[in-house]
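Chemist: Provided below are the primary sequence and the corresponding predicted coordinates.
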Amino acid sequence: EVINRLAGMAALGRIAEPTDIARVVLFLASEDASWVTGQNIGANGGFA
């Protein structure tokens, strides 16, 4: 019940799966993120 309530409050309408967080980590560890410095990246589904 609590998880469903939280999911309903999220902008994406669901809570994060481990793969959602892993994709952010993989991006930051990749060459594609070579110009990303000193940033806070919230993988929070819209809970800002």
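Modeler: That came through fine.
Chemist: quick test: name the residue nearest the centre of the chain.
Modeler: Nearest residue to the geometric centre of the chain (CA atoms, centre = their mean): Ala43, 2.1 Å.
Chemist: contacts only, for it.
Modeler: By CB atoms under 8 Å, 6 or more residues apart in numbering, Ala43 lies in contact with 16, 20-21, 24. All C-beta atoms are positioned from the backbone trio N, CA, C, and that covers glycine.
Chemist: one more: Gly46?
Modeler: 10-12.
Chemist: distance of the residue nearest to it when sequence neighbours are not counted relative to Gly45?
Modeler: The spatial neighbour of Gly46 that comes closest, neighbours along the chain excluded (CB to CB, 6 or more residues apart in numbering), is Ala11 at 2.5 Å. As for Ala11, its distance to Gly45 is 6 Å (criterion: CB to CB, to the nearest Å).
Chemist: Ala16 too?
Modeler: 6 Å.
Chemist: can you give me the helices for this protein?
Modeler: 2-9, 18-29 (DSSP state H).
Chemist: Trp35 is nearest to which of those?
Modeler: Distance to Trp35, taken as CB to CB, is lowest for helix 18-29 among these, at 11.6 Å.
Chemist: centre of the chain to the least confident helix or strand in the chain by mean pLDDT, how far?
Modeler: Counting by mean pLDDT, DSSP states H and E, the chain has its least confident helix or strand at helix 2-9, which shows a mean of 90. Taking the mean of its C-alpha atoms, helix 2-9 sits 16 Å from the chain's own mean (CA atoms, centre = their mean, to the nearest Å).
Chemist: now stretch 10-19
Modeler: Per CA atoms, centre = their mean, the centroid offset for stretch 10-19 relative to its chain is 8 Å.
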